[in-house]
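> Below is the structure, and that's it, no one-letter string:
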């Protein structure tokens, strides 16, 4: 949310700063999460933190100056302090979340003026929610030409709060389309006037990944994945929004990034995984009114099933892992446990290879007997899907 006020700077103030080698500064008692300070439309400084004190040097011109504070909050952040630096994680749950707050607390002052500090807290501020470009709908096909666009060179320095636009052709294929925005920072994107949502290329902390187990009380570190990697870089664009050529991509970038590295990619699930235990419920399609007698469920054909399916136009080309027993690990990191049915791989391969989808019952009878008595068995499978043609991508 941006807030504006107008500050008058006299020639005496300019002389006072030059003669005494001092600079004016913005001082805020307390602030969270992100503050951007603009003078006359130019970004002067940024502060990130959780209820931190702000001392931001600023430079004014003689006469009237527009001072703007932009307070940004996208989710609330839980902040940690390791003794040297603070860092935050975006959270959207927890007790009393709505009372945590963000923005400014206490006084906001301008210091260093000849006649003393100026208490900005007592001035008449105006504020605005949203972006001028959004109100003008410059992201739409009908209105985008009304904006004053300038050509961008590859050597341009990435800047904050910048609108970008480009045109691209739809890739030849029926596969799902995604924008790879890994080179950008944080912002929003539109394709042919349709809002694909916010993007934020955040890198997950390097530590914390361990085998995932959701049993017991939940906490945010219970199933951390992708440690040290971006949490998301691909953003889906529905095929129904695209035309064969000249698709308009408009991006509003808040923190800086390189739009020349954005690419349009085709996506298909190369690997599908599943893990089903013999203690799981049977598939819902097996339940019918005839299964209920006097309010109780009969035990006819209550065998759990595993279902594997590739995307349309793809088939299961190989089974890379299969184990019925006590397999360990997770998708793309499965391993055999102490209990393993020897026929697991051959049986799953025979059932599924060459098909778009397949189903397997989870029982000892299916896998040639009980491989280890006294424990609940689980089937873990990792299959590879292959398209009928190679997948490529087009760059913007």
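Nice, thanks for sending it over. Because the structure is predicted, anything quoted here is derived from the model rather than measured. Numbers count the residues shown, from 1 in each chain.
> Please count neighbours and contacts with C-alpha atoms only from this point.
Fine.
> any chance you could map the strands in the stretch 251-396 of the chain?
263-266, 271-277, 292-293, 296-297, 305-309, 314-325, 357-361, 378-387, 393-395 (DSSP state E, counting those that start in this stretch).
> residues contacting residue 258?
Contacts here follow CA atoms under 8 Å, 6 or more residues apart in numbering; on that basis residue 258 touches 158, 183, 184.
> now the last one, nearest residue through space, not along the chain?
Which is residue 184. Take residue 184 and drop its neighbours on the chain: the residue closest to it by CA to CA, 6 or more residues apart in numbering is residue 257, 4.1 Å away.
> for the first one, same thing?
Spatially, and ignoring its direct neighbours in sequence, residue 158 is nearest to residue 256 (5.0 Å; CA to CA, 6+ apart).
> one step back: what subset of the contacts of residue 258 is buried?
With burial judged by 16 or more other CA atoms under 10 Å, the buried subset of the contacts of residue 258 is 183, 184.
> Format the contacts of residue 258 as a markdown table; extra columns: secondary structure.
What follows is these, written out as a markdown table (DSSP: H, G, I helix; E, B strand; the rest coil):
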| residue | secondary structure |
| --- | --- |
| 158 | coil |
| 183 | coil |
| 184 | coil |
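> helices or strands next to the strand or helix carrying residue 34 in the packing?
Assigned by DSSP states H and E, residue 34 falls within strand 25-39. With contacts defined as 3 or more CA pairs under 8 Å, 6 or more residues apart in numbering; DSSP states H and E, the packing partners of strand 25-39 are strand 42-57, strand 63-72, strand 103-111.
> Quick check: what element follows the shortest one along the chain?
Remark: after strand 103-111, the chain's next helix or strand is strand 118-119, criterion DSSP H and E.
> So in that sheet, which strands flank that following strand, and in what orientation?
Applying DSSP bridges, strand 118-119 is found paired with strand 103-111 (antiparallel).
> Run through who's touching the partner strand.
Contacts to strand 103-111, defined as CA under 8 Å, 6+ apart, come from residues 24-33, 71-72, 117-121.
> how does it look with 7 Å?
Contact with strand 103-111 is made by 24-33, 71, 117-121, as judged by CA atoms under 7 Å, 6 or more residues apart in numbering.
> quick one: buried residues of it?
Residues of strand 103-111 classed as buried by neighbour count (16+ other CA under 10 Å): 103, 104, 108, 109, 110, 111.
> Next up, the contacts around residue 325.
Applying CA under 7 Å, 6+ apart to residue 325 gives the contacts 339, 340, 341, 371, 377, 378, 379.
> before we move on, back to that, which of the contacts of strand 103-111 lies closest to residue 150?
Nearest to residue 150 among the contacts of strand 103-111 is residue 71, at 27.7 Å by CA to CA.
> Tell me how far stretch 165-183 lies from the chain's centre.
Put simply, stretch 165-183 sits 18 Å off its chain's centre (CA atoms, centre = their mean, to the nearest Å).
> that older thread, what separation do you get for the residue nearest to residue 158 and residue 184?
Distance, residue 256 to residue 184, by CA to CA, to the nearest Å: 7 Å.
> Please report how far the residue positioned nearest the centre of the chain lies from residue 191.
In the chain, the centroid-proximal residue (CA atoms, centre = their mean) is residue 232; its distance is 4.7 Å. In this view, residue 232 and residue 191 are 19 Å apart by CA to CA.
> repeat for residue 257
For residue 257, the distance to residue 191 (CA to CA) stands at 19 Å.
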